[in-house]
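> Here is my input, please return the structure:
(one chain, ligands or ions: 1)
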Amino acid sequence: MPSGSHPDVLVIGGGIIGLAVAWRTARRGLRNVIVVDPEHGHGAAGVAAGMLAPVTELQYGEEPLLRLGMASNERYQGFAAELTEASGGLDTGYRRCGTIAVAQDSDDRAELRELHAFHRRLGLDSTWLTGREARKLEPMLAPGVRGGLHVADDHQVDPRRLLVALSAACERAGVLLHRAEAVELLVEDGRATGARLSTGETVSAGQVLLAAGPHSHRLPGLPEGVLPAIRPVKGQILRLRVPDAYRPFLSRNVRAVVRGRHLYVVPRENGELVVGATTEEQGYDTTVTAGGVYELLRDAHELIPGITELPLVETAAGLRPGSPDNAPLLGPTSLPGLVAATGHYRNGVLLTPVTADLLSEYLTTGELPDPAQPFTPTRFSPARLSTKASA
Ligand code: GLY
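Numbers count the residues shown, from 1 in each chain. This next block holds a predicted model:
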């Protein structure tokens, strides 16, 4: 890194969110943007399946998140095309394939029926399927499938390709990807002014963007109360390969709740089949366990019996960054100079385009666009929380 450099924006965290915001910010004209990370692109997105599922992943009470997710989903095709162009032709594996969510027993079916009614109340495009109709769309589904939902606009992208394309686009846009860990946030006169790095360098910056996923709140030097704890939520995932003779194995994403556990299977055009994911809250541990792999294979086999014929090529685990309300933190914090883009929990890949657009607008204009307003980090600041509690 050039000594004495003083970037407009210092991004702490080179995962999918940090890279995407850096790229978009450089494109908007801030030419001096640095992303620090010991290993760019090695966060949760490198493990994730890449389902773009604002509708089928919707939870009750999360309507503001649904709107943000749908806004991001709508931007995806254009974002992927621009990224391919900006990266010199790298494909992101964006695929408009749709999703079906299916039920295996009468309890799962009743739950899906309720979800369908919820979708209808919100005016979402979601069609009920009988078991037979679901199997007609996806013949590999188990004969016992009792019904399901077809959501034509929940798609997929390949997060690993996306990361490669984002890194290339950043470099072509003049963003410096610096391999170093931020070991301390520098604060002077009540303002974030930069960071000290593991290399011994210090970087002063006009603005600091914290995009370090589940490590965000642990950055030494961060004053108390500026960010809530971002909890690491482990997901174990499997990658299988569909031999040519078996294709097409599945044509769209398949989701299910199997005895209360969420399962999804994402088929890529290149024959990769991703099966995910466990949800475990046990700290910063990314060990792949026999139990996790067994659970995923058992549930996947129940849903799609032919899956056990396929070669298993990879097992992996990542950490989703979960905020206290499971929604992201987007925008300025209560510490002047410090901006957050973290806490995306289960939706980091989906929310990448909208996060990049909203945060790059904030970093270049100082105005936080309306869609980000429900997600400002200050919703967790102690003063705001105590006002709410006494209201
Ligand atoms: N969005 C899928 C997951 O978090 O497992």
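> quick one, what contacts whichever residue of the stretch 251-391 of the chain sits closest to the ligand?
Proximity of the stretch 251-391 of the chain to the ligand (CB to the nearest ligand atom) peaks at residue 346, 3.4 Å away. Where C-beta positions appear, they are placed from N, C-alpha and C, glycine not excepted. Each residue near residue 346 by CB atoms under 8 Å, 6 or more residues apart in numbering is listed here: 57, 320, 326.
> Of those, grab the buried ones for PyMOL.
Command for PyMOL that selects the buried part of these, burial taken from 16 or more other CB atoms under 10 Å:
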select buried, resi 57+320+326
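> mind giving me TSV with the contacts of residue 346 and columns for pLDDT and distance to residue 375?
As requested, those are exported to TSV (pLDDT from 0 to 100; distance: CB to CB, whole Å):
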residue	pLDDT	distance to residue 375
57	88	17
320	97	16
326	95	11
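> Looking at the contacts of residue 346, which is nearest residue 178?
residue 320 (25.6 Å; CB to CB).
> how about the residue nearest the centre of the chain, what does it touch?
For the chain, the residue nearest the mean C-alpha position is residue 348 (1.4 Å; CA atoms, centre = their mean). Counting by CB under 8 Å, 6+ apart, residue 348 makes contact with 15-17, 44-45, 48, 213, 320-321.
> Doesn't residue 354 lie inside a helix?
Yes - with DSSP: H, G, I helix; E, B strand; the rest coil as the criterion, residue 354 is located in a helix.
> In three-state terms, how would the residue nearest to it when sequence neighbours are not counted be classified?
Of all residues not flanking residue 354 in the chain, residue 72 sits nearest, at 3.7 Å (CB to CB, 6 or more residues apart in numbering). Under the three-state scheme (three-state DSSP), residue 72 adopts helix.
> and the closest residue in space to residue 90 that isn't next to it in sequence, how many neighbours does it have?
Leaving aside its chain neighbours, residue 90 sits nearest to residue 165 (4.0 Å; criterion: CB to CB, 6+ apart). Neighbourhood size, residue 165 [other CB atoms under 10 Å]: 24.
> before we move on, what about residue 104?
23.
> Going along the chain, name the helices of this protein.
16-27, 63-86, 106-121, 131-137, 159-172, 290-303, 352-365, 382-390 (DSSP state H).
> can you redo these as TSV with mean pLDDT and distance to residue 231?
TSV is the format used below for the helices of the chain (pLDDT from 0 to 100; distance: least, CB to CB, whole Å):
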stretch	mean pLDDT	distance to residue 231
helix 16-27	98	17
helix 63-86	96	17
helix 106-121	91	25
helix 131-137	96	35
helix 159-172	98	21
helix 290-303	96	18
helix 352-365	98	19
helix 382-390	61	17
